[in-house]
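Trainee: this one's structure only:
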């Protein structure tokens with residue numbers, strides 16, 4: 001628990017008597033007697049650069065350090081070295097008083113880490129908080145607290161910086177950003193100035209943080225406690241300082257051998273990368289600084305959900321106002337959703353699937369446009385899906401936009417990462433929300449219907465039937481809507497709610513989607529070959545994939561349906577049979593026919609952890625996102 005400035009009392013003997021900000025006394029004499037079994041004797045020949053200090057070497061300030069993340073068993077305050085013979089004479093340091101057994105072990109571990117990194121001293125001091133030594137306990141006081149002496153890198157941690165009301169200009173002034181920094185990071189000129197400035201600053205901080213973490217990993221250490229509270233931004237050398245390495249883990253543990261040691265090393269590095277992902281999410285999405293929102297965020301990940309679906313999950317939290325006003329959402333959506341892609345790799349459910357520091361430094365989200373990064377095929381798929389989602393959210397009726405979106409869906413089908421039936425059986429189960437249909441507009445039109453109905457969301461839910469074969473699934477189509485009470489559309493879209501449920505049994509079998517050749521295609525008919533060839537031949541998509549000739553058939557999953565069971569729920573005030581029939585007809589007009597009659601869904605052509613494309617009997621494509 002951090003201490004307030006008025007809670008520090010200095011006695012004439014320079015004995016530090018501390019009280020918590022809540023008024024509770026520090027650990028008493030009896031609790032400290034239990035720490036006597038923990039020895040802090042360091043042989044002189046093993047000290048290296050670790051120095052011994054005495055309390056008479058310091059003048060302790062009358063305030064504690066604000067942002068060094070003190071705990072209940074740690075007391076943190078600033079001091080000035082007064083020993084003229086010390087190389088740190090007249091410099092400011094931080095004294096960290098460790099009282100419990102666990103805290104003392106963290107302090108000793110920090111000194112051991114300093115000894116391990118002493119050979120690369122310059123790099124270590126550039127990216128990690130410098131540890132100078134410790135205060136030698138008195139000979140007759142074995143129960144004295146262990147006091148660690150480390151460098152002063154500013155009172156604010158990165159969390160405190162981000163909590164300032166004017167954090168953006170303050171951080172820019174602290175880092176003294178100039179044209180050289182702009183050139184090194186890349187000058188992004190797309191979008192509003194506020195988004196561009198914030199994205200540039202986050203790129204600098206993230207890259208500096210990844211360089212420091214990679215330095216630890218390359219020297220056989222994992223930090224295991226990377227948090228915004230443990231990271232500091234030094235205004236002197238403008239580098240990120242990683243906090244005390246008291247819980248650092250030795251990746252080359254001699255107790256483990258062979259494969260076990262390699263797995264342990266990969267697990268520890270993956271844990272650090274997950275912590276970096278949490279830090280990035282809080283830096284970009286300020287809504288996650290709220291403990292309630294971050295609890296929902298952690299609950300989503302702890303339940304085993306795929307992090308690639310984070311955008312769909314966080315959209316209601318981030319878009320309580322207009323989506324265009326959310327700066328973090330704009331930053332993550334840039335460059336074909338590159339920010340969401342990096343976040344999903346940092347927070348991957350499987351530890352061995354998480355990205356490394358070097359790969360993250362080459363990711364397009366952290367590289368400016370002036371750095372040419374060749375995207376992988378996975379990143380191309382991600383960009384196609386992200387752009388299709390954003391275009392569908394714009395709800396544009398123009399023919400050029402609809403034609404472009406149809407091109408993107410066809411490219412997704414061409415680059416389908418899971419064409420085999422066994423992959424569909426793994427990914428298909430779950431709830432999917434309908435985003436777009438190439439054959440019909442969804443929702444409001446310019447018609448004047450007799451029964452005003454506002455469509456909400458349309459879902460497809462695939463549930464595994466434990467009693468049947470693994471290829472047999474229970475399919476439920478759910479459409480929610482509202483009934484407008486007046487003849488003219490009111491500004492307040494409120495009214496009685498209703499829902500339409502269609503249940504069916506679906507069986508998946510292997511299949512292929514065939515395309516007509518250009519010679520067999522009538523001139524007036526829309527040709528898959530022509531549309532994809534035009535897009536693949538453009539400058540932006542030139543070289544994507546290794547296909548020299550587009551195929552005339554693609555593997556797909558055939559859907560075989562059983563009988564249908566249709567139910568419609570209306571509120572009690574609208575239980576009239578005539579009105580119910582009118583509402584049903586209006587809902588059927590506004591939604592794609594495949595959502596009402598699921599037997600018209602004939603095949604699946606694209607699926608991954610976050611998106612799915614199903615084709616209807618008339619050739620229209622339905623784009624879904626996992627909900």
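Mentor: Received the coordinates, thanks. All values derive from a computational prediction rather than experimental measurement.
Trainee: Residue 364: neighbour count?
Mentor: The number of residues packed near residue 364 is 20, by other C-beta atoms under 10 Å. C-beta coordinates here come from the backbone N, C-alpha and C atoms, glycine included.
Trainee: And for the one 10 residues further on?
Mentor: Residue 374 is flanked by 8 other residues according to other C-beta under 10 Å.
Trainee: and it, what element?
Mentor: Using DSSP states H and E, residue 374 sits in no helix or strand.
Trainee: Quick one: residues contacting it.
Mentor: By C-beta atoms under 8 Å, 6 or more residues apart in numbering, residue 374 lies in contact with nothing.
Trainee: could you measure it against residue 364, distance?
Mentor: Taking C-beta to C-beta, to the nearest Å as the measure, residue 374 and residue 364 are separated by 10 Å.
Trainee: Same question for residue 394.
Mentor: 23 Å.
Trainee: cool, residue 616 as well?
Mentor: Taking C-beta to C-beta, one finds residue 616 at 35 Å from residue 364.
Trainee: Now that residue 147 has come up, it's in contact with residue 93, right?
Mentor: No - using C-beta atoms under 8 Å, residue 147 is not in contact with residue 93, being 10.8 Å away.
Trainee: Can you check which residues contact both of the two?
Mentor: By C-beta under 8 Å, 6+ apart, no residue touches both residue 147 and residue 93.
Trainee: in the stretch 401-550 of the chain, which spans are strands?
Mentor: Using DSSP state E, counting those that start in this stretch, the strands of the stretch 401-550 of the chain run over 430-437, 453-464, 472-483, 497-514.
Trainee: got the contact list for the shortest one?
Mentor: Outside strand 430-437, the residues that touch it by C-beta under 8 Å, 6+ apart are 312, 388-389, 391-393, 405, 442, 457-462, 592, 594-595, 612, 620-627.
Trainee: buried subset of these?
Mentor: 312, 388-389, 391-392, 405, 442, 458-462, 592, 594-595, 612, 620-626 (16 or more other C-beta atoms under 10 Å).
Trainee: Just the strands from the stretch 1-150 of the chain, written as ranges.
Mentor: So, for the stretch 1-150 of the chain - with DSSP E, counting those that start in this stretch - the strands run 8-10, 16-18, 51-53, 58-60, 74-81, 92-98, 131-135, 146-151.
Trainee: Now distance to residue 210 too, for these, in TSV please.
Mentor: Listed next are those as TSV, based on distance: least, C-beta to C-beta, whole Å:
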stretch	distance to residue 210
strand 8-10	36
strand 16-18	36
strand 51-53	31
strand 58-60	35
strand 74-81	27
strand 92-98	25
strand 131-135	22
strand 146-151	22
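Trainee: Can you name the element that comes right after the helix or strand where residue 588 lies?
Mentor: Counting by DSSP H and E, the element that carries residue 588 is helix 577-590. Next helix or strand after helix 577-590 toward the C-terminus (DSSP H and E): helix 593-596.
Trainee: and the closest residue to residue 432 other than its chain neighbours, what does it touch?
Mentor: Using C-beta to C-beta, 6 or more residues apart in numbering and skipping the chain neighbours, the partner closest in space to residue 432 is residue 624 (3.8 Å). By C-beta under 8 Å, 6+ apart, the residues touching residue 624 are 432, 433, 434, 435, 460, 611, 612, 613, 614.
Trainee: ok, now with 7 Å
Mentor: 432, 433, 434, 435, 460, 611, 612 (C-beta atoms under 7 Å, 6 or more residues apart in numbering).
Trainee: Surely residue 424 and residue 603 touch.
Mentor: No - if you go by C-beta atoms under 7 Å, residue 424 and residue 603 don't touch, sitting 10.4 Å apart.
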